[in-house]
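Q: Build me a model:
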Amino acid sequence: MEISKKQIWLLIVIGIVLISFPLLFIQDLGFISFSDKGYIGDRISDTTAIFISFIGSVLLYLTLKAQVKANREIQKRFKIQQENEKLEKLTLRYKERISALSEEIRTFSYTNNNSDSGTKPDFKLYSGPQAISQLLKIRKSIFYGNEWRSAYLLEPKFEELRQLLLMFLSISESLNQEIFTDKTIENREVKSQLISTLKFHYDAKIRGNFLSMEKYKAVDKPCPDCSSTHGIPEDLFEICNSIAFKLQLKLN
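A: Numbering: from 1, shown residues only. Take a look at the predicted model:
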């Protein structure tokens, strides 16, 4: 229990009073006398009881005051501990999601037959960002024919790529909206670091591939050059633009 200087002086004064005041009752003051010693003990006891009760009350007040202060400090530390634990769990959850996303990009694969028609097949396996690049480059002119057909049916890998992009968008959206317990510098820095990690994965592994293929975006009407419908599914570009917007990146 901490006692201030004022409280120490107050206790000293009260102590002096308690020691000196009873002596007055055994002095012959002229106008009043307690020379009858049979009553001195009773007088001292009755008088000092008031002061003893008072100082006891003061000490009890100081004790309770210190206890309240200690309880507030404990509650404050407990709240800080809870916020730190919540921040750690939140950060860990997003790190795990980003790690899973990175693994999905790394293991994304695309196999293509590089041989000419009528010759011996020459299948080559691409993986990671290179697989995404080769998929877009090789299938950029996929034909749907004179009647509209889904590129996702003609090239199933487009659907797998779409799901990967949606996973990327989901993490970007939730992280962009997430409130990291409060607005402290530490929490803002954690959020900024996670967003920077996402930006790195998007810029280094996804973005460039789609920017270079923008002109091959599929359209609903036939191509003026070949009168057929073809191209990379348009919604893949829309998802990429949404990711860039959530990560506060320029769209081109």
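Q: Assess the claim that Glu234 and Tyr216 are in contact.
A: No: using C-beta atoms under 8 Å, Glu234 makes no contact with Tyr216, being 10.3 Å away. (Each C-beta comes from the backbone N, C-alpha and C, glycine too.)
Q: Neighbour count for those two, which is higher?
A: Higher neighbour count among Glu234 and Tyr216: Tyr216, with 17 against 12, using other C-beta atoms under 10 Å.
Q: just the strands in the stretch 51-200 of the chain please.
A: 109-113, 123-127, 143-145 (DSSP state E, counting those that start in this stretch).
Q: tell me the mean pLDDT over the helix or strand Phe237 falls within?
A: Using DSSP states H and E, Phe237 falls within helix 234-246. When pLDDT is averaged along helix 234-246, the result is 91.
Q: Give the other helices and strands that it contacts.
A: Counting contacts by 3 or more C-beta pairs under 8 Å, 6 or more residues apart in numbering; DSSP states H and E, helix 234-246 is packed against helix 156-177, helix 208-211.
Q: Turn those into CSV, including distance to Gln248.
A: Converted to CSV, the helices and strands packed on helix 234-246 look like this (distance: least, C-beta to C-beta, whole Å):
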stretch, distance to Gln248
helix 156-177, 8
helix 208-211, 17
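Q: Relative to Ser102, which of these is closest?
A: Among those, helix 156-177 comes nearest to Ser102, with 10.3 Å by C-beta to C-beta.
Q: Tell me which residues of that closest one come out buried.
A: Lys157, Phe158, Glu160, Leu161, Leu164, Leu165, Phe168, Leu169, Ile171, Ser172, Leu175 (16 or more other C-beta atoms under 10 Å).
Q: Please apply the same query to stretch 204-216.
A: Result for stretch 204-216 [16+ other C-beta under 10 Å]: buried residues Lys205, Ile206, Arg207, Asn209, Phe210, Met213, Tyr216.
Q: repeat for stretch 230-248
A: So, applying 16+ other C-beta under 10 Å, buried residues of stretch 230-248: 230-233, 235-237, 239-240, 242-244, 246-247.
Q: Any chance you could list what contacts that stretch?
A: 136, 139-144, 151-152, 158, 161-162, 165-166, 168-169, 172-173, 176, 195, 198-199, 202, 206-207, 210, 213-214, 216-219, 223, 250-251 (C-beta atoms under 8 Å, 6 or more residues apart in numbering).
Q: now the protein, which segments are flagged as low pLDDT?
A: Counting by pLDDT under 70, the chain contains low-confidence ranges at 1-5, 7-8, 11, 14-51, 116-118, 142-149, 179-186, 219-229, 249-252.
Q: for it, longest helix please?
A: helix 40-107 (DSSP state H).
Q: Which strands and helices lie in contact with it?
A: Packed next to helix 40-107, using 3+ C-beta pairs under 8 Å, 6+ apart, are helix 5-20, helix 156-177, helix 185-202.
Q: So for Pro129, which of the ones you listed sits nearest?
A: Once the helices and strands packed on helix 40-107 are compared by C-beta to C-beta, helix 185-202 is nearest, at 9.6 Å.
Q: who does that closest one touch, helix- and strand-wise?
A: Counting by 3+ C-beta pairs under 8 Å, 6+ apart, helix 185-202 packs on helix 40-107, helix 156-177.
Q: quick revisit: comparing the strands of the stretch 51-200 of the chain, which comes out most buried?
A: strand 109-113 (a mean of 16; mean count of other C-beta atoms under 10 Å).
Q: Helix 156-177 and that strand, what's the angle between them?
A: 160 degrees (axes from the mean of the first three to the mean of the last three C-alpha atoms, to 10 degrees).
Q: coming back round to it: just the CA atoms of the helix holding Phe237, as CSV, please.
A: Output of helix 234-246 as CSV, limited to C-alpha atoms (Å, rounded to 0.1, in the frame of the first residue of the first chain):
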residue,chain,number,x,y,z
GLU,A,234,-13.9,-11.7,-68.6
ASP,A,235,-14.8,-12.3,-65.0
LEU,A,236,-11.2,-13.3,-64.2
PHE,A,237,-10.1,-9.8,-65.1
GLU,A,238,-13.0,-8.4,-63.0
ILE,A,239,-11.9,-10.4,-59.9
CYS,A,240,-8.3,-9.2,-60.4
ASN,A,241,-9.5,-5.6,-60.5
SER,A,242,-11.4,-6.2,-57.3
ILE,A,243,-8.3,-7.6,-55.6
ALA,A,244,-6.3,-4.6,-56.7
PHE,A,245,-9.0,-2.3,-55.4
LYS,A,246,-9.0,-4.0,-52.0
